[in-house]
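# Provide a 3D model corresponding to the input given below.
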Amino acid sequence: MACIAFILLSAAAFGQSPENRIGIGFNINRFQDDFGLGLHLVSPYFANAKAAVRVGGNLQWFQYTDGNEVTWSPYGNIQVGIRGRQPVVDDRIYIYGEGGGLLLLPNAAFSSEKTRMGGYGLFGFEFYTSPRFSEFVELGGMGAGARADQLSSKPIYSNGFVTTVGFRIIP
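Okay, here's the model as predicted:
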């Protein structure tokens, strides 16, 4: 974590060019069947502008039946990953792959665990509509073996297919 903070802070301090500065993003996602919203930072790219570190957090909602009614309970997760990218069209459209670790912060309403570790992997497409603004689509998978053990059916959550859409601003 200290290395990630160093990369992010040192890049900001040296005034990177607009196309290679810290990116701040917002996303809407679906992790398995759980809807969520998130914020993330992408470090300036390094290794010939092909690799970066991403740190983010998401607020997810787990939907389940509690007695006779359906309810949504919030829970969080924190992601830290490494991504590699390649331009496809004139430095305006990129394809990338990313993988990393995941820390789930379950809700006591459905889980007895305080935290749960896991991992994720995805590929994405990023479309720059201006030098300082992009939109993206990501598809992938995640796994943590998380179960809602406080519920009678003990269903899994935050495991499986991942879809994410969002935007990034490069200040």
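# can we go C-alpha only for contacts and neighbour counts from here?
Fine.
# ok, the residue in the chain sticking out farthest from the centre to S111 distance?
Note on the chain: the largest C-alpha distance from the chain mean falls to N68, namely 33.2 Å (Cα atoms, centre = their mean). Distance, N68 to S111, using Cα to Cα, to the nearest Å: 19 Å.
# could you pull out the helices for the protein?
Applying DSSP state H to the chain gives helices spanning 2-13.
# wait, G119 touches G143, no?
Yes. Counting by Cα atoms under 8 Å, G119 touches G143, with 5.6 Å between them.
# looking at stretch 140-154 now, give me its mean pLDDT.
For stretch 140-154, the per-residue pLDDT values average out at 95.
# got the contact list for it?
Stretch 140-154 is touched from outside by 31, 102, 109-112, 116-123, 155-163, with contacts defined as Cα atoms under 8 Å, 6 or more residues apart in numbering.
# same question for stretch 70-84.
Taking Cα under 8 Å, 6+ apart as the rule, stretch 70-84 contacts 50-65, 96-107, 109-110.
# which of these are buried?
51-62, 96-107, 110 (16 or more other Cα atoms under 10 Å).
# among these, name the ones in strands.
Mapping the buried ones among the contacts of stretch 70-84 onto strands (DSSP state E) picks out 51-62, 96-105.
# not counting its neighbours along the chain, what's nearest A51?
Once flanking residues are discounted, A51 sits nearest to G84: 4.4 Å by Cα to Cα, 6 or more residues apart in numbering.
# and for V88?
Y94 (5.3 Å).
# how about N58?
N58's closest residue in space is G38 (Cα to Cα, 6+ apart), at 4.0 Å.
# how about V55?
Counting by Cα to Cα, 6+ apart, V55 lies nearest to V80, which is 4.6 Å off, once chain neighbours are set aside.
# beta partners of that neighbour?
Legend: beta-bridge partners of V80 under DSSP bridges are V55, G101.
# for it, grab the count of nearby residues.
The tally of other residues near V80 (other Cα atoms under 10 Å) stands at 21.
# now the strands for the chain?
Counting by DSSP E, the strands of the chain are 23-31, 34-42, 51-66, 69-89, 93-105, 116-130, 133-143, 160-169.
# as CSV, those with distance to L151 would be great.
Listed next are those as CSV, based on distance: least, Cα to Cα, whole Å:
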stretch, distance to L151
strand 23-31, 19
strand 34-42, 16
strand 51-66, 8
strand 69-89, 12
strand 93-105, 17
strand 116-130, 17
strand 133-143, 20
strand 160-169, 20
